[in-house]
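**Q** I need the structure of the sequence given here:
(one chain, ligands or ions: 3)
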Amino acid sequence: MIRVLFCGEREADWLLLQTSLYGTNSIAPHFHLSWEPSLEGARRALLRNDSDVYLVDEGLGGGQGIELLSLLPSSITTPILLLSAGGVSLPEETLAIQAGAADVLLRDEVSPRQLRKAVVHALARASVAKRSTDIPCGVVPQGLLQQRLENALSRERLTRAKVALLAILVDHLQGSLERLTSAIAERLLSCSREVDTVCYTQAGQFLVLLEGLTHDAQADIQADRLLLALQAPLSLQGEELLPRVCIGIAVAPEDGETPTELIRSVEEALRNAQREGGRSARHALGPLNEKAQRRWLLRRALEGALERGEFSLHYQPQVELRNERVVGAEALLRWRSAQLGPVSPAEFIPLLEATNQIETIGLWVLHEACTQGRIWQDAGCPIKIGVNASAKQLTSPDFGPACEQILRQTGFSPELLGLEITEGLLLEGSSHVRELLNKLRSLGVSISIDDFGTGYASLSYIKRFPMDVIKIDKEFVRGVPLDVENAAITSAILALGHSLGLRVVAEGVEHDSELEFLRSLGCTAAQGFYYAKPMPCGEFESWVRSRN
Ligand code: C2E
Ligand code: MG
Ligand code: MG
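**A** Ligands and ions are numbered 1, 2, ... in the order given. As a prediction, the model looks like this:
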């Protein structure tokens, strides 16, 4: 059975068309004709893509039937037959075909036989067009993508892995679009990860579903990679082709929570990219997508930020609780973007990690901190400096040798350097990380577990990984001892640390009462606004001087 949807205002037309299509065969008809009277309803029905052929009356929405065609994303491959009241000129008909109509029929003159034939032929042409492009296997049909998208979105709600959709439109200046399309499909497959789904929707257009992303920015990164790979010149049977590529990006849930919403966003993003012209990747615009826009801006602003000298380090003192002496400082990265002003580390550190820039910038931080540490050391005021290291850095084979080199170059005493590693990293930690930590410890560097207690997992890694210091996350310090739950967690962590012979440093201490509680439980040192906020180097020096 062929499912046909009539999009037109008048019920009488629908009934007439039904009679024409069903003919005498109304008991077991070859066709099923449903009806949608409003323009918006028709648009939504077409996006749902649940009919085989659409019959769109030009009178729909007060003469906007043809406009409906321009509202539709180019991924709609279902044939659309336009019904005209009569008297269409050739230029008008051409316009309708260019806008995407498969054919124009005269509503009041077309015979039942002509109508049935037109529907069947339009359907046949569409399926031949789909088949004639030589799309490599590995590229899935749209129905399958839709299904995978649905599954991915329901999984996303359970796990924290992100889902994104890319819409890719490939165009070229000359040559055969069909051959270009299959070559592009090959490139897409070779640049995609195994978990990604590549789908061909229609001439030159693809949808790519990205799953299991750990950060939103990974969608941008993958889009950039594809953009770069797809627009490289192609040589096809002696023909030199220069593909023009536009990519739209939509990330769940910001750009949509359901497959329909996400597809709508990505189509809109693609149209934005097309408007910008040529080789571009753009996010969907709109109120839902402010986060995505912000991410995009930040990524652009981060490019070259190090070279422009936009980064600096602030130092936050750590105070030994038994004698109130300043024993150390944590070096915290600060970014003042020329375009965006100061940006919080909570916002830019994950982006640096997702874009792999953290490796370079992390080494800059280490170098900067060790250089400063050496100056304090030479001034007879040695201060232990804690430097944060992210997972990406520690898993890189270059990190260990680079650390040694920086220590050698700056002459900073390794005993004064501490590396702060977040608990999450150790949970997924490999033997490489363990070896690296052992090596660094053998040089004298100490290892701290940062944000302790937020990793929510088995504590067995404590035995497996070499460490010296546990830093209690500020979340658990907040409000102790009045907050009885936090007080219980904090005292448990302190007891654990002591029994393992580790130093325990409390983070985020803001109040006297918190400090007293920590002191009474034998906490080694504390850091927090109670003593001082992280400060630029000069301010930190004056602060230390005034305390002593
Ligand atoms: P972290 O290592 O746990 O750093 C402690 C954070 O707590 C800092 O936030 C600090 O400003 C803040 N803090 C200190 N005392 C208090 C307090 O009394 N109350 C409250 N509410 N907050 C306090 P910041 O500077 O925004 O850094 C956030 C995170 O960014 C850091 O958490 C660290 O994970 C990361 N980060 C900072 N610099 C670097 C870096 O150079 N490399 C890497 N990989 N990560 C860094
Ligand atoms: Mg830290
Ligand atoms: Mg911390």
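**Q** for ligand 2, what are the nearby residues on this protein?
**A** Within the chain, the positions near ligand 2 by Cβ under 5 Å from the ion are Asn388, Glu420, Asp450. C-beta coordinates here come from the backbone N, C-alpha and C atoms, glycine included.
**Q** what pairs with the helix or strand containing the last one, parallel or antiparallel?
**A** Taking DSSP states H and E as the definition, one finds Asp450 inside strand 446-452. Paired with strand 446-452 in the same sheet, following DSSP bridges, are strand 417-422 (parallel), strand 469-472 (parallel).
**Q** still on that earlier bit, hmm, which of the residues of the chain next to ligand 2 is lowest in pLDDT?
**A** Across the set of these, Asp450 stands lowest in pLDDT, at 92.
**Q** that older thread, do the strand holding Asp450 and ligand 3 meet?
**A** Yes: using Cβ under 5 Å from the ion, strand 446-452 reaches ligand 3 at Asp450, Asp451.
**Q** now do that strand: distance to the chain's middle.
**A** Averaged C-alpha coordinates place strand 446-452 at 28 Å from its chain's average position (Cα atoms, centre = their mean, to the nearest Å).
**Q** ditto for stretch 55-67
**A** Mean-position distance between stretch 55-67 and its chain equals 39 Å (Cα atoms, centre = their mean).
**Q** residues making contact with that stretch?
**A** Identification of contacts with stretch 55-67 by Cβ atoms under 8 Å, 6 or more residues apart in numbering yields 4-10, 13, 17, 33, 38-39, 42, 68-69, 80-85, 95-96, 99, 101, 107, 119.
**Q** keep only those of the residues of the chain next to ligand 2 that are also close to ligand 1.
**A** Filtering the residues of the chain next to ligand 2 for proximity to ligand 1 by Cβ under 6 Å from any ligand atom leaves Asn388, Glu420, Asp450.
**Q** including neighbour count, could the residues you listed go into JSON lines?
**A** Output for those, formatted as JSON lines (neighbours: other Cβ atoms under 10 Å):
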{"residue": "Asn388", "neighbour count": "22"}
{"residue": "Glu420", "neighbour count": "21"}
{"residue": "Asp450", "neighbour count": "23"}
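**Q** so which of the strands paired with strand 446-452 is the most surrounded?
**A** Ranked by mean neighbour count, the strands paired with strand 446-452 are led by strand 469-472 with a mean of 26 (mean count of other Cβ atoms under 10 Å).
**Q** quick one: is that one near ligand 1?
**A** No: no part of strand 469-472 sits near ligand 1 under the criterion Cβ under 6 Å from any ligand atom; the closest distance found is 7.0 Å.
**Q** can I get that strand in PDB, CA atoms only?
**A** Only the C-alpha atoms of strand 469-472 are listed here, as PDB (Å, rounded to 0.1, in the frame of the first residue of the first chain):
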ATOM      1  CA  VAL A 469      48.400  13.600  50.400                       C
ATOM      2  CA  ILE A 470      44.700  13.500  50.400                       C
ATOM      3  CA  LYS A 471      42.800  16.700  49.700                       C
ATOM      4  CA  ILE A 472      39.300  16.700  51.200                       C
END
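**Q** C-terminal to it, what's the next element?
**A** Going down the chain from strand 469-472, the next helix or strand is helix 474-477, by DSSP H and E.
**Q** contacting residues for Arg107?
**A** Shown in contact with Arg107 (Cβ under 8 Å, 6+ apart): Asp13, Asp57, Leu83, Ser84, Ala85, Gly86.
**Q** of those, grab the buried ones for ChimeraX.
**A** The following ChimeraX line selects those of the contacts of Arg107 that are buried, judged by 16 or more other Cβ atoms under 10 Å:
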select :13,57,83,84
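**Q** among the contacts of Arg107, which lie within helices?
**A** Of the positions in these, Asp13 sit in helices, assigned by DSSP state H.
**Q** which of the contacts of Arg107 sits closest to ligand 2?
**A** Using Cβ to the ion, Asp57 is the member of the contacts of Arg107 that lies nearest ligand 2, at 65.5 Å.
**Q** run a quick neighbour tally on the spatially closest residue to that closest one that is not a sequence neighbour.
**A** Using Cβ to Cβ, 6 or more residues apart in numbering and skipping the chain neighbours, the partner closest in space to Asp57 is Gly8 (3.2 Å). Applying other Cβ atoms under 10 Å, we find 23 residues neighbouring Gly8.
**Q** was I right to think Gly8 contacts Pro37?
**A** Yes: here Gly8 reaches Pro37: they are 7.0 Å apart, a contact under Cβ atoms under 8 Å.
**Q** tell me which helix or strand the closest residue to ligand 1 within the stretch 151-300 of the chain sits in.
**A** The nearest approach of the stretch 151-300 of the chain to ligand 1 comes at His215, 13.9 Å away (Cβ to the nearest ligand atom). Counting by DSSP H and E, no helix or strand carries His215.
**Q** show me what contacts it?
**A** Lys162, Pro350, Leu351, Glu353, Ala354.
**Q** save those residues as CSV, and put in neighbour count too.
**A** Formatted as CSV, the contacts of His215 follow (neighbours: other Cβ under 10 Å):
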residue, neighbour count
Lys162, 21
Pro350, 17
Leu351, 21
Glu353, 20
Ala354, 21
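**Q** in helices, which of the residues you listed fall?
**A** If you go by DSSP H, these have Pro350, Leu351, Glu353, Ala354 in helices.
**Q** separation between the second one and Glu254?
**A** Shown here: Leu351 relative to Glu254, a distance of 15 Å by Cβ to Cβ, to the nearest Å.
**Q** now the residue of the stretch 151-300 of the chain found nearest ligand 3: how far from Leu60?
**A** Nearest to ligand 3, among the residues of the stretch 151-300 of the chain, is His215, at 19.1 Å (Cβ to the ion). From His215 across to Leu60, the span is 44 Å (Cβ to Cβ).
**Q** picking that back up, Gln316: which of the contacts of His215 is nearest?
**A** Using Cβ to Cβ, Pro350 comes nearest to Gln316 of those, at 20.5 Å.
**Q** quick one: Ile249 is in a strand?
**A** Yes: secondary structure assignment places Ile249 in a strand (DSSP: H, G, I helix; E, B strand; the rest coil).
**Q** start the count at 549 instead of 1 going forward.
**A** That works, and once the first residue is 549, the last one we named lands at Ile797.
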